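J.: please work out how this folds:
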Amino acid sequence: MKILYYNWIQFDNPQNIGGGVNVYQNNLIDYLTKHSNNEIYFLSSGYFYNALKNTPYIRKTKNCFSPACQSFEIINSPIMAPAAIIHTNINIYTNDTISYNIFDKFIQKYGPFDVIHFNNLEGISINVLKLKEKYPLTKFIVSIHNYQPICSLVQYFQNHNKCICENFNNGTECPKCFEGKNNKKIYCHRCKAFYQYLFPKCKFISFILTTISKPFRFRYKKYININPLQKTEYYQQYRQHNIEYLNKYTDIILAVSERVRQIMISHGIIEKKIKTSYIGTKIAEKACYHSSAPQNKIFTIAYLGYARIDKGFFFLIDALKQLDKDIAKKVNIVLAVKDLNYEQYSKELQNFNNITIYNGYTHTELPSILKNVNLGIVPVLWEDNLPQVAIEMVALGVPILCSSLGGANELCKCDKFIFKGGDTTDFLKKLKTLEQNKNLLDLYWRNHRPLTTMQAHTQELMSLYNQK
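T.: Residues are numbered from 1 along each chain as shown. Got it, this is the predicted structure:
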């Protein structure tokens, strides 16, 4: 088959931008190029800008899997990525026709394709799906890795109310989520990054191009300007338009967790059109389905990720401060979070036996970080689709106590390892029970759902791609 994958950023970008979706796209193309005879193409859009040209154009790129995979990018897309950048100019996305035209030109030149698989619709608009009418024999597939179709900030979380966006009040809540991003500054940075990408070994040339291009940056003014008078009905139209196009023009929609599937159905996606498809991971091939940490008298818990409200970091810290002192003194805490103030958190958590802080982590460091950890904590306050960190901890033999929100709790259907999202009392009750009865940790492995390997995931995709 001839397959085109789309993601807003190239899978091997040197800045490692793109999060878990980017890791997944890299793993998938890696597997396919090594284990199949499929012809693989990849397209990205919405990241690089060239102010010396005033129209979008397609550029062939190099990638780590060449020549088995041919990669391209759309320069000067009218839709900047990631999605949050256009939150204050949402009508640009809904009314966009340029993405459709440039995508069509790409298909005409390099297609036709048997399958076009979108891993998001950021950096382009959903209007490209209408190409299904022009290319009816091509299978159009969209994976839902985040909530971009119903929330331009992708998280389906009201950052002003600090709660899940179960009611956006016909769009009136959306402008309140404005985060104060300087879109013009972002655009200028993207232009500079593009010239540096073109001339990585000659900073002088990239500097000259950056300087020369400055007077021309007004060309994208209508796309990058913040619109303080953005009408609330535009956000309502955004949701309706996305759901309509997903239902009308896709052959199948893939949700990365059952929770994501349920949420999308609740917003109007046709139930028979959307299927739960857990993504494959390389780490699943070496998964350790039993607790790997020693059963010491001291109970060690760990939080990995970001110090953000939606991720539940601050909820976790506040909850731990309320844990009984007689229990806290028997607990070690491991935090692998970038830029934490050690003195601040060691003081806030002084009742605990020990606190270890890592300045973030890499995948190669995880085994060492988690070596003595008995329990991972995934305390998200938003419907986190299926956190990569949850998969990583479980694969390395660390059971997780997770929030009822999002998809992490689908890795194990044992109530002892799930607490009501945002409920401090329930969280502390579950944590206390596991600390006092360490033998209960074995229940995690008796009730867990095995992680999906790249082989199993790819076989599932091929079956869907070939489905009549």
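
J.: only C-alpha atoms from now on, for both contacts and neighbour counts.
T.: Fine.

J.: number of residues surrounding residue 331?
T.: 19 (other Cα atoms under 10 Å).

J.: brain fart, residue 177
T.: Residue 177: 15 neighbours (other Cα under 10 Å).

J.: following the helix or strand of the chain with the lowest mean pLDDT, which helix or strand comes up?
T.: Lowest on mean pLDDT, DSSP states H and E among the helices and strands of the chain sits helix 221-224, with a mean of 63. The helix or strand immediately downstream of helix 221-224 is helix 232-249, counting by DSSP states H and E.

J.: pull out the buried positions in that following helix.
T.: 232, 234-243, 245-247, 249 (16 or more other Cα atoms under 10 Å).

J.: got phi/psi on the nearest residue to residue 127 once chain neighbours are set aside?
T.: Excluding its sequence neighbours, the residue lying closest to residue 127 (Cα to Cα, 6 or more residues apart in numbering) is residue 100, at 6.1 Å. The phi and psi values for residue 100, taken as degrees, to the nearest 10, are phi -60, psi -50.

J.: ok, now the one 4 residues further on?
T.: Listed backbone geometry of residue 104 is phi -60, psi -40, with angles given as degrees, to the nearest 10.

J.: number of residues surrounding it?
T.: Neighbours of residue 104 using other Cα under 10 Å come to 16.

J.: for it, which non-adjacent residue is spatially closest?
T.: Closest to residue 104 by Cα to Cα, 6+ apart is residue 131, at 7.2 Å.

J.: next one: residue 64
T.: Nearest non-adjacent residue to residue 64, counting by Cα to Cα, 6+ apart: residue 12, 6.8 Å away.

J.: looking at this, the one you found is in a helix?
T.: No. Applying DSSP: H, G, I helix; E, B strand; the rest coil, one finds residue 12 to be coil, outside a helix.

J.: next one, pLDDT for residue 53 please.
T.: At residue 53, the pLDDT value in this model is 88.

J.: pass me the low-pLDDT residue ranges in this structure, would you?
T.: Across the chain, the ranges flagged by pLDDT under 70 are 179-181, 218-230.

J.: measure the residue of it most remote from its centre to residue 376 for me?
T.: For the chain, the C-alpha farthest from the mean C-alpha position belongs to residue 326; by Cα atoms, centre = their mean, that distance is 38.8 Å. Counting by Cα to Cα, to the nearest Å, the gap from residue 326 to residue 376 is 21 Å.

J.: over to residue 274?
T.: The value you get for residue 274 to residue 376, if Cα to Cα is used, is 31 Å.

J.: just residue 420 next, same as before
T.: For residue 420 relative to residue 376 (Cα to Cα), the value is 16 Å.

J.: higher neighbour count, the two?
T.: residue 376 (23 against 15).

J.: send the alpha carbons of the helix or strand harbouring the more buried one over as CSV?
T.: Taking DSSP H and E as the criterion, residue 376 maps to strand 375-378. Only the C-alpha atoms of strand 375-378 are listed here, as CSV (Å, rounded to 0.1, in the frame of the first residue of the first chain):
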residue,chain,number,x,y,z
LEU,A,375,3.9,3.0,43.2
GLY,A,376,3.6,5.6,40.5
ILE,A,377,1.0,8.4,40.8
VAL,A,378,-0.9,9.7,37.8
